[in-house]
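Student: Need coordinates for the below:
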Amino acid sequence: MVALLGMELHAVDVPRVHRAAEVDAIRGLGRHVRRGIAGQVVNLSERMIAANKLQKRTGVYVFEKVADAEVNNYELSVGDIIVEFDGKPVGSVDDMHKLFSYEVIGKRKQAGVLRDGHKQEIYIVPGELK
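Tutor: Reported below is the predicted structural model:
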């Protein structure tokens with residue numbers, strides 16, 4: 001798992017996470033990303049989707065941030081809705097797991113969030129889960 005912003009997503013399919021970790025271990029990768037947030041999928045209104053030219057009808061609502069020296073999630077706020085990461089649309093926790101691979105650890109990445117109904121670009125640096 002990548003620690004996005006120090007983001008451990010709680011809406012997790014545990015068997016799927018274990019399978020992904022096993023595949024990484026078999027490949028010899030063994031690095032997991034720490035995200036540093038707790039998030040939940042939310043539906044977006046038609047107005048929000050149209051006004052912000054979003055590709056998906058859902059996003060990941062940030063309801064908790066985990067303070068962590070290993071990650072940089074300072075620009076992310078509780079109440080933000082993550083709708084994009086590294087130029088790719090995010091509509092679910094599964095999307096985030098797919099996008100937060102070991103390759104993003106320690107790299108400054110752009111994320112699109114809805115804040116007060118308007119899309120904003122922020123930057124995060126995912127860390128490694130230890």
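Student: Roughly how far does the closest residue to residue 113 other than its chain neighbours sit from residue 110?
Tutor: In space, and not counting its chain neighbours, residue 113 is closest to residue 80: 4.1 Å by C-beta to C-beta, 6 or more residues apart in numbering. The C-beta positions use only the backbone N, C-alpha and C, and glycine is treated the same way. Noted for residue 80: a distance of 14 Å to residue 110, by C-beta to C-beta, to the nearest Å.
Student: out of these two, which sits in the busier spot?
Tutor: Applying other C-beta atoms under 10 Å to residue 80 and residue 110 shows that residue 80 carries more neighbours, namely 24 against 12.
Student: I'd say residue 92 and residue 40 touch.
Tutor: No. In this structure, residue 92 is not within contact of residue 40 by C-beta atoms under 8 Å, at 10.0 Å.
Student: Could you pull out the residues contacting both of these two?
Tutor: Common neighbours of residue 92 and residue 40, counting by C-beta atoms under 8 Å, 6 or more residues apart in numbering, are residue 60.
Student: Show me where the chain has its strands.
Tutor: Shown for the chain, the strands assigned by DSSP state E span residues 2-3, 32-34, 37-43, 58-65, 81-85, 88-89, 109-115, 118-124, 127-129.
Student: Quick check: beta-bridge partners of residue 114?
Tutor: With DSSP bridges applied, residue 114 shows beta-bridge pairing to residue 81, residue 119.
Student: so what's it up against?
Tutor: Residue 114 is in contact with 44, 48, 52, 59, 80, 81, 83, 120, counting by C-beta under 8 Å, 6+ apart.
Student: Please report how far it lies from residue 37.
Tutor: From residue 114 over to residue 37 (counting by C-beta to C-beta), the distance is 15 Å.
Student: And for residue 49?
Tutor: Using C-beta to C-beta, residue 49 is found at 22 Å from residue 37.
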